[in-house]
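# I would like to see how this sequence folds:
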Amino acid sequence: MLVDPITAMWSDRLFQATLVVLLLALVFASLEYAARRVARAAARHPEPAAVGAGSTAVATPEEPPADTTRRSRADRYGRIGISLMVLAFLTHLGSIVLRGFAAYRWPLGNMYEFTSALCLMAVGAWLVLVRRHPGLRPAGVFVLTPVVLLMFVTGTVLYLDAAPVVPALQSYWIIIHVTTITLASGLLLVPGVASLLFLVKRNGKPASWAAKLPSAESLDRLAYRVTVLAFPLYTFGIITGAVWAEAAWGRFWGWDPKETVAFVAWVLYAAYLHARATAGWKNSGAAAWINTAGFATIVFNLFFINMVVAGLHSYAGV
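Numbers count the residues shown, from 1 in each chain. Just a heads-up that it's a prediction; the model follows:
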């Protein structure tokens, strides 16, 4: 038996459940963001107190101020959203593990599995960051939005039934190379979003979005620290890919389209880290644009190169 259909079915159901839970988490993250915006508006424009004839207004002790109520409501929405993200992470992890058991192989053999794992890594990275820095939580809606979109595309356009991989991928290098690239790509989604939000916060436009975001300094610091962690992993992934290419095709580098675009992304991230570490570039819009371009290149490599351009890497199931 090449595939266990029962295990494969449960893997698919857990993936579908993950998408539903992530959608709910996105709803509560949006509610938190909206409630915090209302709270700020109330703080800026307090309602005048009702004054009776010949008397002074006295606040009712059992009625908390509107701003406090709204902030508490926003906090509850945020906590529910994070709890749902934890649940989604667990169901998603179960889906990927069952996929591997169903096909009797490492579950990163096609674009469906790769993109699914990339989303898992992004959610996991965000949960760790929010745990360490709760003040970043209002930005969660902007991290969840691309994750949910990617999950939807993964479960519809990119979906493939569990099956053995093609002979070219039947190597232990798939565990080392593809897993590392997946981990790095998932991590890099977070600083990509953070750099975009930094640009919004720095420019103050649109004002309704910028006012509720974390500070520009915290967003810039977030983008830099996660990129510092992900860049060595991405570098290691490219190196192991070259070693695998030498074993499979007899050369370390052949300027295949996927190799070339991956190298362009590596150069962009190296330029970002160099610029960010250079005096005068901290909290710089130019550095943030470089980081954003790096992640855009990774997305371009994932979809356009895999699905449109023919090359030696065109065996990912699309």
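
# only C-alpha atoms for contact and neighbour calcs from this point on.
Noted.

# remind me which residues of the stretch 51-200 of the chain are low pLDDT?
Confidence mapping of the stretch 51-200 of the chain against pLDDT under 70 gives the ranges 51-71.

# rerun that using 50 as the cut-off
Within the stretch 51-200 of the chain, the ranges that satisfy pLDDT under 50 run 51-67.

# host element of residue 225?
Here residue 225, judged by DSSP states H and E, is contained in helix 216-249.

# which helices and strands does that helix pack with?
helix 179-203, helix 257-276 (3 or more C-alpha pairs under 8 Å, 6 or more residues apart in numbering; DSSP states H and E).

# if you compare those helices, which one is most tucked away?
Each of the helices and strands packed on helix 216-249 was scored by mean neighbour count; the highest is helix 179-203, a mean of 24, by mean count of other C-alpha atoms under 10 Å.

# low-confidence ranges in the stretch 201-318 of the chain?
Checking the stretch 201-318 of the chain against pLDDT under 50 turns up 318.

# Just say helix, strand or coil for the residue nearest the centre of the chain.
Centroid-nearest residue in the chain: residue 122, 3.7 Å away (criterion: C-alpha atoms, centre = their mean). Of the three states, residue 122 takes helix according to DSSP: H, G, I helix; E, B strand; the rest coil.

# nearest spatial neighbour of it, skipping sequence neighbours?
Using C-alpha to C-alpha, 6 or more residues apart in numbering and skipping residues adjacent in sequence, the residue nearest residue 122 is residue 186, 4.5 Å away.

# isn't the one you found right next to residue 120, touching?
Yes - assessed by C-alpha atoms under 8 Å, residue 186 is found in contact with residue 120 at 7.4 Å.

# quick one, helices of the chain?
In the chain, the segments counted as helices under DSSP state H are 5-44, 66-103, 111-132, 140-156, 173, 179-203, 207-210, 216-249, 257-276, 285-300, 306-307.

# ranking those helices by burial, who's on top?
A comparison of those by mean neighbour count, using mean count of other C-alpha under 10 Å, puts helix 179-203 on top with a mean of 24.

# follow-up on the earlier one: give me the distance between the residue nearest to residue 122 and residue 275.
23 Å (C-alpha to C-alpha, to the nearest Å).

# got the angle for the helix holding residue 225 vs helix 179-203?
150 degrees (axes from the mean of the first three to the mean of the last three C-alpha atoms, to 10 degrees).

# so how far is helix 216-249 off the chain centroid?
Centroid separation for helix 216-249 versus its chain: 15 Å, with C-alpha atoms, centre = their mean, to the nearest Å.

# and if you look at stretch 250-258?
That offset, for stretch 250-258, works out to 29 Å (C-alpha atoms, centre = their mean).

# I'd like the helices and strands packed on helix 216-249 laid out as CSV, including distance to residue 76.
Shown next, in CSV, are those (distance: least, C-alpha to C-alpha, whole Å):
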stretch, distance to residue 76
helix 179-203, 23
helix 257-276, 36
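
# I'd like to know which of those helices is closest to residue 288.
helix 179-203 (5.0 Å; C-alpha to C-alpha).

# Now do that closest one against helix 285-300, angle only.
Using the same axes, to 10 degrees: helix 179-203 against helix 285-300 is 140 degrees.

# which other helices and strands contact helix 179-203?
So helix 179-203, by 3+ C-alpha pairs under 8 Å, 6+ apart, packs with helix 111-132, helix 140-156, helix 207-210, helix 216-249, helix 285-300.

# and with 6 Å instead?
Helix 179-203 sits against helix 111-132, helix 216-249, helix 285-300, with contacts defined as 3 or more C-alpha pairs under 6 Å, 6 or more residues apart in numbering; DSSP states H and E.

# Pull the residues that contact that helix.
Applying C-alpha atoms under 6 Å, 6 or more residues apart in numbering, the contact partners of helix 179-203 are 118, 121-122, 210, 216, 219, 223, 230, 233-234, 237, 288, 292, 295.

# Identify the farthest-apart pair in those residues.
Comparing all pairs in those by C-alpha to C-alpha, the longest separation belongs to 210 and 237, at 35.5 Å.

# Dump the helices of the chain to a markdown table, plus distance to residue 164.
Below are the helices of the chain laid out as a markdown table (distance: least, C-alpha to C-alpha, whole Å):
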| stretch | distance to residue 164 |
| --- | --- |
| helix 5-44 | 12 |
| helix 66-103 | 6 |
| helix 111-132 | 13 |
| helix 140-156 | 19 |
| helix 173 | 16 |
| helix 179-203 | 17 |
| helix 207-210 | 46 |
| helix 216-249 | 18 |
| helix 257-276 | 23 |
| helix 285-300 | 26 |
| helix 306-307 | 19 |
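
# Tell me which of these approaches residue 163 most closely.
helix 66-103 (5.5 Å).

# now the closest one: how far from the chain's centre is it?
14 Å.

# quick one: that helix to helix 111-132, angle?
Going by the same axes, to 10 degrees, helix 66-103 makes 140 degrees with helix 111-132.

# Helix 66-103 packs against which elements?
Where contact means 3+ C-alpha pairs under 6 Å, 6+ apart, helix 66-103 is packed against helix 5-44.
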